[in-house]
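Engineer: Got a sequence here, can you model it:
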Amino acid sequence: MKPVIALLACSLTLITAPAGAQVPRVLGVWELDPAASSMPQGFPLASETRSYDLRNDGYMVNLVIRKLANGRPDFIQIASKSDGKDYPQYQSGQLAEFQVNGTQTPATYSETIIDDYSVNIIAKFGGQVNNKGVRSISADGKTMTIKVVAIAPNGQETPITLVFKRTSA
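Structural biologist: Numbers count the residues shown, from 1 in each chain. Coordinates of the predicted model:
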């Protein structure tokens, strides 16, 4: 069970993402709505807040602050564009390795535009796809839904749906 939880935790880190097509729809702060979300048994997430900010150079900066089920805090940060290219994704543990050992993050993220409300997302770890899916913003701009399939090294797929409510623009 621990390898599955570790994979899901890694997948969770990789389903965070910026959005070019969704600007300005995704900009702001979003809070996880656990009751509206669908997470597998044992999924290691207690709470999550995401912020999306657009830089002047066109990069979207996504910061994820969360509390894991074991009570430990965690964060993720990505700066990317919606151009389908892989961008490095930093999480608290990976950043510590980089700071101490100079180790580059094995996690990358890419997205491509579907329409003004949705993007396809692909996350990789060590060059292998470990989740893929779609992030969408509702027409009224109040709800963000991330539907992904986490892919284990053995090919087992686990669907995950995270629903967020906008707390500020």
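
Engineer: What is the strand or helix carrying Tyr90 packed up against?
Structural biologist: Here Tyr90, judged by DSSP states H and E, is contained in strand 87-91. Under the contact criterion of 3 or more CB pairs under 8 Å, 6 or more residues apart in numbering; DSSP states H and E, strand 87-91 touches helix 2-14, strand 73-80, strand 107-113. In this view, the C-beta of every residue, glycine as well, is placed from N, C-alpha and C.

Engineer: Tell me the secondary structure at Glu97.
Structural biologist: Three-state call for Glu97 (DSSP: H, G, I helix; E, B strand; the rest coil): helix.

Engineer: Setting the sequence-adjacent residues aside, check what's closest to it.
Structural biologist: Excluding its sequence neighbours, the residue lying closest to Glu97 (CB to CB, 6 or more residues apart in numbering) is Thr103, at 4.4 Å.

Engineer: number of nearby residues for the one you found?
Structural biologist: 12 (other CB atoms under 10 Å).

Engineer: ok, now Val29?
Structural biologist: For Val29, using other CB under 10 Å, the count is 17.

Engineer: Heading C-terminal from the helix or strand that contains it, find the next helix or strand.
Structural biologist: Secondary structure assignment for Val29, by DSSP H and E: strand 28-32. Per DSSP H and E, strand 28-32 leads on to strand 45-54 as the next helix or strand towards the C-terminus.

Engineer: For that following strand, name the packing helices and strands.
Structural biologist: strand 28-32, strand 60-68, strand 157-168.

Engineer: Helix, strand or coil: sort out the residue nearest to Glu97 for me.
Structural biologist: coil.

Engineer: how much space between the residue nearest to Gln104 when sequence neighbours are not counted and Gln91?
Structural biologist: What sits nearest to Gln104 in space, not counting adjacent residues and going by CB to CB, 6+ apart, is Phe98, at 6.8 Å. Distance of Phe98 to Gln91, computed by CB to CB, to the nearest Å: 10 Å.

Engineer: Nice, that's everything, thank you.
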